[in-house]
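Compute the structure for the input listed below.
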Amino acid sequence: MSRSFYECTLDRILCFGRISFCSTAIFFVSIALAAGQQQQSGSPAAVATRTRQQLPSDLAKEVAGSEASIRAALAKIDDPALIAAVIPKAEHVLQIRASHQGDSWWQTIHAREDLADLRRLSAMPVGERASLAAAERAADQVQITSFSEGSKNDQVIDVLLATARTEGQILGEEHRWYAASLYRVGRAYYAQFRYTESESYYRRALDIHRKNLGEEEPVYAADLIALAELYNSTNRYEEAEPLYLQALAIEKRTLGEENSDYATALDSLASLYVAVGRNEQAEALYHHALAIEKNTVGEQHPIFATTLCNLGDLYRLMGRFAQAEPLYVQSLEIRKKSLGEWGGIRNRKPCISRHSRSGRRHLAISTGRMRAAWTTWHNSTRRWGSTRKLSLYMCKPLRLGRRRWGNSTPRMRRT
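Just a heads-up that it's a prediction; the model follows:
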């Protein structure tokens, strides 16, 4: 799945306190054990989920073009002509994926769901299709307003709940779109620190995705990580750890290790590991994440900058200030080049998730804090002061949520 510019930058840059307390040894041993169990089982499903299933390069290019058209159509559900035009493409994509990757592979399941949704929308009464489109537009608008103004009022939740009700009534409460809307409600509650309500909606979305898409699925892994972060926010570390481990194992099998999403998960594990004092193992995970990001997004990407910043935080906490400061400086310079002097926040837009049309998480940062960071950096005279404050303002802005993003096109939250 592609990752949009904002998906790959704001989510990581504005992320605060991403966490993990599982050691590298535990992580890799757990994956090895899981692989061993699959090998012993010898079942077709076990073999299919052991490694990534890739299309031949020529077919991969063809499928990518068709899927871009499908995403565009699913983003405009009130355009029946566009929807009807891409149904043959969706049928062709499903045939290719099923024949080359198998019926149980997650991308084949997505293709099957896409085709079913397109056919359903094509045959849907005009009024129902218009109601769905209006509900989605309202949800998008309220989230954009909330993001740009830093609003946390209940109006956001009311609109998102109304959208979920509309989708549940028209599509059914077992539909993946309904699950994505439940997730958006959970994220809105999370942004207001209403963790009990947030957990309830997260779990409902997780259950629907498990039934519809299965557990060998990056979307399901994303849900697990969101729930793990909620547990971390409420100091429920023992409950968070197995969710992180399960999500990482899923992503390794479905996305592969050379993937920026996988690196982000490693970074989260490392950060949680820092929170519980396992600094040496956290350092190893940060370096692992940096190596992957260097090969995937490059050393001038804000994702890479954020991991540098997190590693700098670790060194600062360990009293290794001489190692921390150059990481902060390097991170800052990367962000200046890629997002502009003010971090791109003046014209920022909400992120889009792989199954949340208007953003799985809603992030906010104070422009004043960003300016203060620059003032601190340029005017500080003591190494401790500059390193500590640069970390505080630039690496740890206010976090209202987190998770990787799969696609820049709104309707890809459905896939």
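
quick one: buried residues of the helix ranked longest in the chain?
Ranked by residue count and defined by DSSP state H, the top helix of the chain is helix 126-149. Across helix 126-149, burial judged by 16 or more other C-beta atoms under 10 Å covers 129, 131-132, 135-136, 139-140, 142-143, 146-147. Backbone N, C-alpha and C define where each C-beta goes, glycine included.

For residue 109, identify the helix or strand it belongs to.
Using DSSP states H and E, residue 109 falls within helix 106-123.

pull the CA atoms of that helix into PDB?
What follows is helix 106-123, C-alpha atoms only, in PDB (Å, rounded to 0.1, in the frame of the first residue of the first chain):
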ATOM      1  CA  TRP A 106      -4.600 -10.400   2.200                       C
ATOM      2  CA  GLN A 107      -4.300  -8.500  -1.000                       C
ATOM      3  CA  THR A 108      -6.600 -11.000  -2.700                       C
ATOM      4  CA  ILE A 109      -9.100 -10.500   0.100                       C
ATOM      5  CA  HIS A 110      -8.900  -6.800  -0.400                       C
ATOM      6  CA  ALA A 111      -9.500  -7.200  -4.100                       C
ATOM      7  CA  ARG A 112     -12.500  -9.400  -3.500                       C
ATOM      8  CA  GLU A 113     -14.000  -6.800  -1.000                       C
ATOM      9  CA  ASP A 114     -13.400  -4.000  -3.500                       C
ATOM     10  CA  LEU A 115     -15.200  -5.800  -6.200                       C
ATOM     11  CA  ALA A 116     -18.100  -6.600  -3.900                       C
ATOM     12  CA  ASP A 117     -18.400  -3.000  -2.800                       C
ATOM     13  CA  LEU A 118     -18.300  -1.600  -6.300                       C
ATOM     14  CA  ARG A 119     -21.100  -4.000  -7.400                       C
ATOM     15  CA  ARG A 120     -23.100  -3.100  -4.400                       C
ATOM     16  CA  LEU A 121     -22.700   0.600  -4.900                       C
ATOM     17  CA  SER A 122     -23.500   0.300  -8.600                       C
ATOM     18  CA  ALA A 123     -26.900  -1.400  -7.800                       C
END
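
mind checking the SS state of residue 159?
helix (DSSP: H, G, I helix; E, B strand; the rest coil).

same check, this time on residue 174
Secondary structure, three-state DSSP: residue 174 is coil.

that older thread, dump the buried residues of helix 126-149 into CSV; add pLDDT and distance to residue 277 as well.
Below are those laid out as CSV (pLDDT from 0 to 100; distance: C-beta to C-beta, whole Å):
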residue, pLDDT, distance to residue 277
129, 94, 54
131, 95, 52
132, 95, 49
135, 94, 46
136, 92, 45
139, 91, 41
140, 87, 42
142, 85, 41
143, 79, 37
146, 69, 36
147, 59, 34
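
out of these, who's nearest residue 175?
Nearest to residue 175 out of these is residue 132 (C-beta to C-beta; 11.0 Å).

The closest one against residue 165, yeah?
No. Counting by C-beta atoms under 8 Å, residue 132 stays clear of residue 165, with 11.7 Å between them.

counting contacts, what elements does the longest helix of the chain pack onto?
helix 154-171, helix 176-191 (3 or more C-beta pairs under 8 Å, 6 or more residues apart in numbering; DSSP states H and E).

let's go with 6 Å and repeat that
Helices and strands touching helix 126-149, as assessed by 3 or more C-beta pairs under 6 Å, 6 or more residues apart in numbering; DSSP states H and E, comprise helix 154-171.

Lovely, talk soon.
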